[in-house]
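Visitor: sequence first, then the predicted structure, then my questions.
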Amino acid sequence: MTALETTPIFPETTLAAEDLILRPFTPADADDVTQACQDAETLRWLPLPRPYSRANAEWFIGSFGPAQRESGAGIVFAIESAGRLAGAIDLKGVNWASRVAEVGYWVAPWARGRGVAPQATRALSEWAIRRHGFERVQLFAAVGNVASQRVAQKAGFVREGVARNACCVPEGRADTVLFSLVPADLKTAGAGVITQATGLPSEDSAGFAPSSERSASHGHDITVVGIGADGWSGLAQPARTQIEMAKVVIGGQRQLDLLPDTIVAQRVAWPSPLRPVVAELVSRHRSRALVVLASGDPMFFGIGRALVEEVGPQSLLVLPHPSSISLACARLGWPVEDVDVVSLVGRPLASLTTSLHQGRRLLVLSSDAGTPAEVAKLLPDKGFGGSTLTVLEQLGASGETRRSGVAQTWDAAPGDPLNVVAVECLLSPEGTRLGLAPGLADAVYEDDGQLTKREVRAVTISSLAPAPGELLWDIGGGAGSIAIEWMRAHRTCRAIAVESDNERAARIARNAEALGVPGLRIVNGRAPTALADLPSPDAVFIGGGLTTQGMLDAAWAALKPGGRLVANTVTLESEALLAQWYTRIGGELIRIAASRAKAMGGFTGWHQAMPVTQWSVAKAADGTTTASSTSKAAQRAGER
């Protein structure tokens with residue numbers, strides 16, 4: 001089933017089963033449900049609220065049952081016998097894609113011993129298979145619940161084996177016996193409903209067979225629920241249903257505390273740091289109808305990314321809540337599509353710098369209560385002290401607050417850790433403008449003379465052609481300008497600067513911090529030896545050390561298919577080497593010359609910088625040069 005298809009649901013209907021009627025619950029059933037679910041034998045196998053109240057019964061009838069059917073997760077029937085409620089039975093854990101479901105039930109104490117459970121179980125299972133094309137209906141019974149095991153046998157189910165520690169009962173974990181009914185069983189096992197098994201106690205004294213450890217989602221075994229500061233009251237019914245059906249709920253402690261006491265699932269709080277333990281925690285609990293809580297939209301700077309990376313999207317059912325970004329824009333009257341979003345959760349403050357531009361509106365996802373003050377301190381340092389800040393706390397909750405001020409005079413005390421900082425950027429007249437295009441002013445870099453000048457830098461970045469998510473090797477980093485402007489091209493671009501000089505390596509780090517790309521990785525070592533264990537690059541820039549033995553060979557060998565290699569030089573020796581490679585594998589060889597006007601006595605004249613020779617070449621998908629480059633090299637060979 002694709003995301004665009006409509007989730008199937010069962011029809012609201014009534015079924016006849018010998019002397020039973022399976023029908024929707026009504027409010028009139030509340031007293032009988034209350035009485036039945038207060039019974040000791042029922043409570044022995046079911047994780048019900050204790051004490052079980054009439055309010056619990058009303059929720060089961062009015063909320064849980066309808067939500068199951070409306071969401072496509074299953075369907076709940078009342079079992080009626082001799083004019084009175086005799087129990088409940090449902091299909092749950094429904095996987096519409098593979099047509100698999102689980103059947104569960106409970107029988108009221110006054111209706112036990114009359115064969116109610118096997119009749120109802122067989123009738124509902126046959127209805128699922130014959131009318132709705134299900135290929136498998138499962139029944140799980142705790143090893144100690146021999147009564148439910150007998151129900152399965154009498155209903156014609158086939159015993160498949162024991163799943164260890166696979167279900168929850170009020171006392172804790174228990175092994176379960178797995179039974180199933182498939183279409184072939186209907187042709188051969190019809191008499192199973194009336195077959196008398198021996199050596200087992202009365203068939204339906206035990207109530208619901210304990211639930212299997214499956215999510216009630218459509219082929220997914222992990223449900224990710226976005227929850228806002230408004231907590232349980234802000235959740236839509238499908239999200240509530242998933243949490244109510246869960247055996248384990250994982251989330252931040254703040255999120256777990258938003259759940260009501262009626263949620264009986266085990267609550268597991270994420271440890272800190274979170275990312276290293278995601279795979280282990282999810283693997284441990286995913287077989288137990290797992291729900292993961294996330295703030296707002298799980299797929300927007302949330303836990304959704306990590307879960308997709310660990311288990312794949314096919315394992316997840318994501319139910320988002322309005323994100324804090326949507327809520328903030330709603331409060332401020334800002335169109336969401338016109339806003340830049342920066343997350344400082346687990347990210348350095350300096351990463352905000354690349355988003356600071358005159359007139360832009362930013363929303364900053366705060367790490368904690370101290371983030372607004374840190375943002376207010378950074379802005380004047382970057383020439384944006386006149387920018388307006390608005391801090392929105394507890395968005396969507398009853399305690400929502402809003403504070404505004406100017407960055408350079410911000411003196412508000414730390415407030416709630418759950419906050420978003422809105423910034424309306426205003427660049428001061430004396431501030432330095434850092435544009436989006438490559439070729440930042442040379443003056444923004446700290447350097448010792450080893451700096452690729454802005455005109456050459458702009459051409460070099462153009463030749464390297466950065467694209468989102470790609471990795472650059474900047475060999476002979478100097479001041480780090482090529483790696484820094486590569487990373488500034490897109491927030492997902494990555495770079496590794498390789499520099500053998502310790503002082504220059506430290507200087508690269510300072511430049512990266514100042515220009516908003518603190519994630520630049522710096523390898524303090526000598527190439528090509530230092531390249532050996534680095535991840536394969538999408539692009540390589542060589543700005544120094546070209547004549548070092550094996551440098552070009554190592555860089556070319558490491559470059560990914562489709563990758564680009566660019567090398568700059570001002571010396572005749574390196575230029576001769578580039579000419580050899582150009583002749584051998586093609587590419588493009590150019591000379592870049594720039595002149596600047598300077599005073600000459602009382603006049604102005606041109607001062608020419610040293611010309612730079614640049615060779616650029618791309619690997620084709622098969623690991624060779626591009627077809628165009630190869631044909632050019634062949635053409636030159638023919639001309640000679």
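Guide: That came through fine. Being a predicted model, the structure only gives us computed values, none of them experimental.
Visitor: quick check: the nearest residue to residue 133 once chain neighbours are set aside vs residue 604, distance?
Guide: Once flanking residues are discounted, residue 133 sits nearest to residue 99: 5.7 Å by Cβ to Cβ, 6 or more residues apart in numbering. Glycine gets a C-beta too; all of them are placed from N, C-alpha and C. Applying Cβ to Cβ, to the nearest Å, the value for residue 99 to residue 604 is 83 Å.
Visitor: also residue 82?
Guide: Counting by Cβ to Cβ - residue 82 and residue 604 are separated by 108 Å.
Visitor: what do you get for residue 93?
Guide: Distance from residue 93 to residue 604, by Cβ to Cβ: 81 Å.
Visitor: isn't residue 292 up against residue 223?
Guide: Yes - Residue 292 lies in contact with residue 223 (Cβ atoms under 8 Å); the separation is 7.3 Å.
Visitor: so between those two, which is more surrounded?
Guide: Counted by other Cβ atoms under 10 Å, residue 292 and residue 223 do not tie: residue 292 has more neighbours, with 29 against 25.
Visitor: helix, strand or coil for that one?
Guide: When classified by DSSP: H, G, I helix; E, B strand; the rest coil, residue 292 comes out as strand.
Visitor: now do the contacts for it.
Guide: 222-225, 249-251, 282, 298, 303, 307 (Cβ atoms under 8 Å, 6 or more residues apart in numbering).
Visitor: bridged to it, which residues?
Guide: Bridge pairing for residue 292 (DSSP bridges) gives the partners residue 224, residue 250.
Visitor: buried residues, stretch 465-480. List them.
Guide: Along stretch 465-480, these residues count as buried under the neighbour rule (16 or more other Cβ atoms under 10 Å): 466, 470-480.
Visitor: next step: those residues restricted to helices.
Guide: The helices, defined by DSSP state H, take in nothing from the buried residues of stretch 465-480.
Visitor: list the buried ones in stretch 119-132?
Guide: Those would be 119-129, for stretch 119-132 by 16+ other Cβ under 10 Å.
Visitor: for that stretch, give the mean pLDDT please.
Guide: Stretch 119-132 comes out with an average pLDDT of 93.
Visitor: what sits up against it?
Guide: 10, 15-20, 22, 77, 79, 87, 89, 91, 99, 101, 103, 105, 134-135, 137, 139, 151-152, 155-157, 181-183, 186, 192-193.
Visitor: now name the helix or strand holding residue 22.
Guide: Per DSSP states H and E, residue 22 falls inside strand 20-23.
Visitor: give the pairing partners of that strand; include direction for each.
Guide: Strand 20-23 sits in its sheet next to strand 15-17 (antiparallel), strand 75-81 (antiparallel), going by DSSP bridges.
Visitor: which element follows that strand toward the C-terminus?
Guide: Assignment by DSSP H and E places the next element after strand 20-23 at helix 30-37.
Visitor: and the contacts of that following helix?
Guide: 25, 42-43, 46, 48, 52-54, 56-58, 60-61, 84-85, 87-88, 106, 108-109.
Visitor: could you list which of these belong to strands?
Guide: Among these, the ones falling in strands (DSSP state E) are 84-85, 87-88, 106.
Visitor: of the residues you listed, grab the buried ones for ChimeraX.
Guide: The buried subset of those, as determined by 16+ other Cβ under 10 Å, is captured in ChimeraX by this line:
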select :85,87,88,106
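Visitor: give me the neighbour count for the nearest residue to residue 338 once chain neighbours are set aside.
Guide: Excluding the flanking residues, the one nearest residue 338 by Cβ to Cβ, 6+ apart is residue 361, at 6.5 Å. Number of residues near residue 361 (other Cβ under 10 Å) recorded here: 16.
Visitor: do residue 67 as well
Guide: Neighbours of residue 67 (other Cβ under 10 Å): 21.
Visitor: dump the residue contacts of it.
Guide: Here residue 67 is in contact with 73, 237-238, 240-241 (Cβ under 8 Å, 6+ apart).
Visitor: pass me the low-pLDDT residue ranges in the stretch 1-150 of the chain, would you?
Guide: Residue ranges of the stretch 1-150 of the chain with pLDDT under 70: 1-6.
Visitor: let me see the ranges of the helices in it.
Guide: 30-37, 40-45, 54-59, 65-71, 116-126, 132, 146-154 (DSSP state H, counting those that start in this stretch).
Visitor: out of the ones you listed, which comes closest to residue 510?
Guide: With Cβ to Cβ, the closest approach to residue 510 among the helices of the stretch 1-150 of the chain belongs to helix 65-71: 54.4 Å.
Visitor: phi, psi for residue 359 please.
Guide: phi 80, psi -10 (degrees, to the nearest 10).
Visitor: picking that back up, just the closest of the contacts of residue 67 to residue 371, please.
Guide: Nearest member of these to residue 371, counting by Cβ to Cβ, is residue 240, at 31.5 Å.
Visitor: correct me, but residue 275 touches residue 307?
Guide: No - assessed by Cβ under 8 Å, residue 275 is found out of contact with residue 307, at 11.1 Å.
Visitor: what sits against the nearest residue to residue 302 once chain neighbours are set aside?
Guide: Excluding its sequence neighbours, the residue lying closest to residue 302 (Cβ to Cβ, 6+ apart) is residue 294, at 4.6 Å. Going by Cβ under 8 Å, 6+ apart, residue 294 touches 224-227, 251, 255, 302-304.
Visitor: likewise for residue 404?
Guide: 388-391.
Visitor: from residue 320, how far off is the residue nearest to residue 302?
Guide: 8 Å.
Visitor: joint contacts of the two?
Guide: Shared contacts of residue 294 and residue 320 (Cβ under 8 Å, 6+ apart): residue 226.
Visitor: what helix or strand is residue 175 located in?
Guide: Using DSSP H and E, residue 175 maps to strand 172-181.
Visitor: do residue 398 as well
Guide: Taking DSSP H and E as the definition, one finds residue 398 inside no helix or strand.
Visitor: how many neighbours does it have?
Guide: What residue 398 shows, counting by other Cβ under 10 Å, is a neighbour count of 9.
Visitor: pLDDT score for it?
Guide: pLDDT, residue 398: 90.
Visitor: contact partners for it?
Guide: residue 230.
Visitor: from residue 324, how far off is it?
Guide: 16 Å.
Visitor: what ranges do the helices span in the stretch 501-640 of the chain?
Guide: Using DSSP H, counting those that start in this stretch, helices in the stretch 501-640 of the chain cover 502-514, 551-558, 572-585, 627-639.
Visitor: the strands in the stretch 201-350 of the chain, which residues?
Guide: Secondary structure of the stretch 201-350 of the chain (DSSP state E, counting those that start in this stretch): strands located at 222-227, 248-251, 266-269, 290-295, 316-319, 339-343.
Visitor: good, we can wrap up now.
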